[in-house]
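Participant: from the sequence below, what's the structure:
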Amino acid sequence: MSSITKTPPAASPRGAMLNLIRRLHFYIGLLVAPFILVAALSGTLYVLTPQLEEALYRDALFTEPHGQARSLADQIAAARREAGDEARIYAVRPAPGATDTTRVQFVGADLGASESRALFVDPYTLAIKGDMTVYGTSGVLPLRTWLDKLHSSLLLGDLGRNYSELAASWLWVAALGGVALWLATRPKRKLKRVKGGFAANRHWHITLGVALLAGLLFFSATGLTWSQWAGGNIDALRANLGWLTPQVNASLQADAPQTPADPHAEHRGMMPGMKMGPAAQSNALNGDWDRALHAARAAGIDAAKVELRQPKGEGKAWTVTEVDRSWPTQVDAVAIAPQSFAVVDQVRFDTFPLIAKLTRWGIDAHMGILFGLPNQLLLAAFGLGLCLTIVLGYRMWWSRRPAAGTQHPVQTLVAAWLALSLPARAVTLLVAAALGYCLPVMGVSLAALLLVDVGRWRGQRQGLRDETPEAAARRAEVRKFRAAVATVAVAVCCVMGRAILGGTVEQFQLPIGDWSAQMVIMQSLMVLLYTLVFTLLLSIPLWYFFLGEKEGR
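Facilitator: You can find the predicted model right below:
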């Protein structure tokens, strides 16, 4: 939101294009920045909590080494006794170090997407140290699971994923547009000491925006690979170009086709709505887990962190996969025959296509795990810097909001576009159509914005010569604003209520009529909190469209 004041009609093609970019940058800041702010704050919390999660669940994750560790078969047997003989094992992660516990993960009909029940087994005493739900390939525990879902979908499932896709779709446009405006006006500005007020806000908004540019583009690109709609288009492009991540072939049939590359392999299990892979039809013998692990180690699977999955049925192999996403990346995988325990297929990270490697590294850096603590601190600094940039943008807008009587058609996006030359209009239309096709959430949001903008543009053109007295007009605008806010509040409350209450019923398999009073109060407060926060955020653009250009300073 580098400029919010009235701009005169463009005197040149360059000036007309700058007016369009300026208006678009402002609209993105006004309408999309609240969602970017939520994503930045929740993402910052997520990357800062691995150490907190370790401390919080220390009793389940760690043990005191004493004596010789028991075999993996014995550890799995202990977990199966606790879970019940009918429970089917989804995966096993042996203790990576002498002070770590072994994680045995079971499938469950009552678990959500990408979730499994994990029993944490002491390798020395076979005691069950913990029993909790874990999420995704990274196996995050309940605290970070909650933060991850907050960041990606606002705890609203597939519906909520549109918020993060909206933020990622427009983030790179806002970043590049802001830099373009800065470069276009930079030669005209003299170097002088910034004293305060609007000038100071603008200076720091620009400084932070330029400093964070690389990160803004990076997070926009990697965030889109996780998205529901644009992510599907990216996967299709990668598939057509042969850039997908290779997958180990678990079929024992000699003429079986090669396992197709998985478009979601880099973030397997970290996407809301994605189900866990099918579990084995029956559990393998406990002793076979040891044999499969030894065969994988002999085949070169040397990472401390590995995951074993038993054959899913007849004609299928064991798979043993490295799951260490820190640098250097260790994600090799082998398939092992269940009778001979010979390696029948293998995939090595060294042989991945370059794009698959870059995608893997990008996802891990985005999550703050590629380079450990330095990665976390860098992402936290970036997230806080982005939040500050957005706040400064809003301060600029508020301090320079137009006074009464300063309306001008060029303040609309439509008027700025009409000021372009005919070839420039055609090019911008083609670019907008292409982006709307590739990034569907961007396309839908742009169409909605233009519908409102066209109405404002037509109203400004008419001039409203026969206006009622100013006070009456003001009251009418205020009534419209209040009605719009009330409508938004009701809609948000309905959506949040259905998502939160329905999600709780589904998670606990407990009808609302059977809830305790405490549970009713807590869930109701959650609905009210979400409704209040998002009504306030959405009231900002409503205020602008109904009252902003009529508000005195």
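Participant: okay, and for the stretch 151-300 of the chain, where does confidence drop off?
Facilitator: 187-195, 254-281 (pLDDT under 70).
Participant: swap in 50 and give it another go.
Facilitator: By pLDDT under 50, the low-scoring segments of the stretch 151-300 of the chain are 263, 268-269, 273.
Participant: any chance you could map the helices in it?
Facilitator: With DSSP state H, counting those that start in this stretch applied, the stretch 151-300 of the chain shows helices at 161-185, 197-211, 213-226, 230-241, 286-298, listed in chain order.
Participant: just put the ones you listed in a markdown table and tack on distance to residue 504 and mean neighbour count.
Facilitator: Quick note: C-beta positions are derived from backbone N, CA and C, even for glycine. Converted to a markdown table, the helices of the stretch 151-300 of the chain look like this (distance: least, Cβ to Cβ, whole Å; neighbours: other Cβ atoms under 10 Å):
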| stretch | distance to residue 504 | mean neighbour count |
| --- | --- | --- |
| helix 161-185 | 19 | 21 |
| helix 197-211 | 39 | 17 |
| helix 213-226 | 25 | 19 |
| helix 230-241 | 28 | 15 |
| helix 286-298 | 36 | 18 |
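Participant: now for those, which one comes closest to residue 540?
Facilitator: Proximity to residue 540 (Cβ to Cβ) singles out helix 161-185 among the helices of the stretch 151-300 of the chain, at 15.3 Å.
Participant: what is the orientation angle of the closest one with helix 213-226?
Facilitator: If you take axes from the mean of the first three to the mean of the last three Cα atoms, to 10 degrees, helix 161-185 sits at 150 degrees to helix 213-226.
Participant: residue 89 contacts residue 308, correct?
Facilitator: No. The criterion here is Cβ atoms under 8 Å, and residue 89 misses it with residue 308 at 9.2 Å.
Participant: for residue 330, give the beta-bridge partners.
Facilitator: Per DSSP bridges, the residues bridged to residue 330 are residue 324.
Participant: quick one: it and residue 293, what's the gap?
Facilitator: Distance of residue 330 to residue 293, computed by Cβ to Cβ, to the nearest Å: 15 Å.
Participant: likewise residue 78?
Facilitator: Using Cβ to Cβ, one obtains 17 Å as the distance from residue 78 to residue 293.
Participant: kindly report the same for residue 82.
Facilitator: Plainly put, residue 82 is 21 Å away from residue 293 if you go by Cβ to Cβ.
Participant: go on, residue 106?
Facilitator: For residue 106 relative to residue 293 (Cβ to Cβ), the value is 19 Å.
Participant: ditto for residue 77
Facilitator: 15 Å.
Participant: neighbours of residue 114, just the number please.
Facilitator: Using other Cβ atoms under 10 Å, residue 114 has 21 other residues around it.
Participant: my understanding was that it contacts residue 138; is that so?
Facilitator: No. If you go by Cβ under 8 Å, residue 114 and residue 138 don't touch, sitting 10.3 Å apart.
Participant: tell me, how many residues neighbour residue 69?
Facilitator: 18.
Participant: look up how far residue 100 lies from it.
Facilitator: 10 Å.
Participant: likewise residue 442?
Facilitator: Separation of residue 442 from residue 100 (Cβ to Cβ) stands at 44 Å.
Participant: neighbour count winner among those two?
Facilitator: Legend: neighbour count by other Cβ under 10 Å for residue 442 and residue 100, higher for residue 442 (23 against 19).
Participant: residues in contact with the more buried one?
Facilitator: Applying Cβ atoms under 8 Å, 6 or more residues apart in numbering to residue 442 gives the contacts 166, 169-170, 173, 230, 435-436.
Participant: ditto for residue 78
Facilitator: Residues in contact with residue 78 (Cβ under 8 Å, 6+ apart) are 121, 126-128.
Participant: just the buried residues of these.
Facilitator: Listed as buried from the contacts of residue 78 are 121, 126, 128; burial here means 16 or more other Cβ atoms under 10 Å.
Participant: so which of these are in helices?
Facilitator: The helices, defined by DSSP state H, take in nothing from the buried ones among the contacts of residue 78.
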